[in-house]
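1. sequence and predicted structure, then a few things I'm wondering about:
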Protein chains: 2
Amino acid sequence: MKVRVVLVEPEGMINFGFIVRLSKNFEIDEIAVVNPKFDPFDEEVKRFAAQGVNYLSKVKIYNTVEEALEGFKVCTSAKVSHDDPLRQHVLPWELKDYIGDAQIVSLVFGRESVGLRRDELEKCDILMHIPASSSYPVLNLSHAVAITLYEFWKQFKLERGTLPS
Amino acid sequence: MKVRVVLVEPEGMINFGFIVRLSKNFEIDEIAVVNPKFDPFDEEVKRFAAQGVNYLSKVKIYNTVEEALEGFKVCTSAKVSHDDPLRQHVLPWELKDYIGDAQIVSLVFGRESVGLRRDELEKCDILMHIPASSSYPVLNLSHAVAITLYEFWKQFKLERGTLPS
Ligand SMILES: Nc1ncnc2c1ncn2[C@@H]1O[C@H](CSCC[C@H](N)C(=O)O)[C@@H](O)[C@H]1O
Ligand SMILES: Nc1ncnc2c1ncn2[C@@H]1O[C@H](CSCC[C@H](N)C(=O)O)[C@@H](O)[C@H]1O
Ligand SMILES: Nc1ncnc2c1ncn2[C@@H]1O[C@H](CSCC[C@H](N)C(=O)O)[C@@H](O)[C@H]1O
């Protein structure tokens, strides 16, 4: 299974550096970045990537979300709804049940400021929400990535042994 | 159950601001900080705490690790060993089995540079390790906190409904 992290218009170098580090911590195959608002190879990014800096070689830049999506698509959202069909969500520990034995999985994260747009959510196969306090369920981007990659590692690498392919 | 995050000599304001935010995301009761290497109430911290900034009111500063520890103590470590009895570890999803119905739990995290010292590990009831790539299992501090608080929320709030007390 090939696992891709897809970042849609990320805004911050610190978050991005941390995500590169996390991608090495959890052996991600590709870091797809759609229209970043900074230079993904800046020294500041490298500083926060720490010993994950060699994973900058896994970064691929895309101009549009369409081009960046591939395989089974998991969108993520800080907000969920019980009425809106586009906001019906699965929980992190249920991922395995939905993804089955897809050969390519794209884990899609939104902008720090406004998340993913409706037309972007529509392109995904499922929407995943990390449950947290109802008074403040909005995680910082790289921390949402950390929890998602951890669950993925647990479910696919440790429990099923299908990572890496 | 009262849940405390204990940070031993943290070095970075960005990580600390993110941990304050995470403490609100996952409704932590106290943020115990032992001998921080910066001003925990600096503007930089507040910037990264985002809408979690009001959780700075949960911060308590301690001079020594001894004073900061309370209740059932979970130490965390990026490194584990199969020989060293102090490095025998439990996995994040096993926490519930060890913690039982302790009234106070302290989740203890080490320095960005060198983690927790041997004499500090000795003071804990269990050692928890987040499994990750053997080529780079060392997570950034605030990302290790994120995954730990997420597992705690899942096991104690969602599955057992004992949080907050
Ligand atoms: N609780 C949560 N569950 C899943 N993803 C989350 C999350 N909190 C943050 N994220 C991820 O982090 C990204 C940036 S947070 C975006 C917040 C924005 N105010 C909004 O309206 O959505 C989100 O797009 C999502 O990918
Ligand atoms: N220097 C300091 N020492 C001890 N506690 C402090 C402190 N600065 C702030 N606090 C504590 O942190 C709480 C929140 S301070 C953060 C909110 C603040 N109104 C702001 O400017 O954004 C305060 O009520 C106080 O309890
Ligand atoms: N895989 C992992 N599991 C559990 N905690 C981790 C972790 N990776 C990092 N941490 C936490 O993050 C802190 C800073 S990382 C410290 C790394 C240091 N080089 C060392 O020798 O340990 C650690 O003390 C621990 O609290």
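-> Yep, that arrived. Numbering: from 1, shown residues only, chains lettered A, B, ... in the order given. Ligands and ions are numbered 1, 2, ... in the order given.
2. only C-alpha atoms for contact and neighbour calcs from this point on.
-> OK.
3. so, low pLDDT: which residues of chain A?
-> A:161-165 (pLDDT under 70).
4. which residue, other than its chain neighbours, is closest to the residue of chain A found nearest ligand 2?
-> Here chain A gets closest to ligand 2 at one residue, residue A:136, 16.2 Å apart by Cα to the nearest ligand atom. Leaving aside its chain neighbours, residue A:136 sits nearest to residue B:25 (5.3 Å; criterion: Cα to Cα, 6 or more residues apart in numbering or on different chains).
5. hmm, that neighbour is touching residue A:138, no?
-> Yes - in this structure, residue B:25 is within contact of residue A:138 by Cα atoms under 8 Å, at 7.1 Å.
6. which neighbours do the two share?
-> residue A:132 (Cα atoms under 8 Å, 6 or more residues apart in numbering or on different chains).
7. more neighbours, the two?
-> Taking other Cα atoms under 10 Å in any protein chain shown, residue B:25 and residue A:138 do not tie; residue B:25 has more neighbours (26 against 23).
8. give the contact list for that one.
-> A:132, A:133, A:135, A:136, A:137, A:138, A:139, B:52.
9. from those residues, which single one is nearest residue B:13?
-> Checking the contacts of residue B:25 against residue B:13 with Cα to Cα, the nearest one is residue B:52 at 14.4 Å.
10. residues near residue A:101, how many?
-> When neighbours are defined as other Cα under 10 Å, residue A:101 has 13 of them.
11. and residue A:111, what are its bridge partners?
-> With DSSP bridges applied, residue A:111 shows beta-bridge pairing to residue A:115.
12. mind listing the helices for chain A?
-> A:13-25, A:43-49, A:65-68, A:95-99, A:118-121, A:141-152 (DSSP state H).
13. nearest to ligand 3, out of the ones you listed?
-> Closest among the helices of chain A, using Cα to the nearest ligand atom: helix A:13-25, at 8.5 Å.
14. now that closest one: buried residues?
-> A:13-25 (16 or more other Cα atoms under 10 Å in any protein chain shown).
15. over to stretch A:98-110?
-> For stretch A:98-110, by 16+ other Cα under 10 Å, it's A:99, A:105, A:106, A:107, A:108, A:109, A:110.
16. so which of the residues you listed are in strands?
-> A:105, A:106, A:107, A:108, A:109 (DSSP state E).
17. in JSON lines: the buried residues of stretch A:98-110, plus distance to ligand 3.
-> Below are those laid out as JSON lines (distance: Cα to the nearest ligand atom, whole Å):
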{"residue": "A:99", "distance to ligand 3": "25"}
{"residue": "A:105", "distance to ligand 3": "24"}
{"residue": "A:106", "distance to ligand 3": "24"}
{"residue": "A:107", "distance to ligand 3": "21"}
{"residue": "A:108", "distance to ligand 3": "24"}
{"residue": "A:109", "distance to ligand 3": "23"}
{"residue": "A:110", "distance to ligand 3": "25"}
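18. please list which of those residues are also close to ligand 1.
-> Checked against ligand 1 using Cα under 6 Å from any ligand atom, the buried residues of stretch A:98-110 yield the following neighbours: A:109, A:110.
19. just the buried residues of stretch A:98-110 now: which is nearest residue B:158?
-> Distances from residue B:158 to the buried residues of stretch A:98-110, taken by Cα to Cα, are shortest for residue A:99, at 23.1 Å.
20. touching, the closest one and residue A:90? I think so.
-> No - using Cα under 8 Å, residue A:99 makes no contact with residue A:90, being 11.2 Å away.
21. so how far is residue A:43 from residue A:103?
-> In this view, residue A:103 and residue A:43 are 34 Å apart by Cα to Cα, to the nearest Å.
22. apologies, that question was intended for residue A:102.
-> On the measure of Cα to Cα, residue A:102 and residue A:43 end up 36 Å apart.
23. same check on residue A:91?
-> 36 Å.
24. can I get stretch A:109-117 as CSV, trimmed to CA atoms?
-> Coordinates of each C-alpha in stretch A:109-117 appear next as CSV, following Å, rounded to 0.1, in the frame of the first residue of the first chain:
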residue,chain,number,x,y,z
PHE,A,109,-5.6,18.0,5.1
GLY,A,110,-6.8,21.6,4.7
ARG,A,111,-5.6,25.1,5.1
GLU,A,112,-4.7,26.3,8.6
SER,A,113,-7.1,29.2,8.1
VAL,A,114,-10.2,27.8,6.5
GLY,A,115,-9.7,24.0,6.1
LEU,A,116,-11.0,22.3,3.0
ARG,A,117,-13.7,23.8,0.8
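25. that stretch: which residues count as buried?
-> Quick answer for stretch A:109-117 (16+ other Cα under 10 Å): A:109, A:110, A:111, A:112, A:115, A:116.
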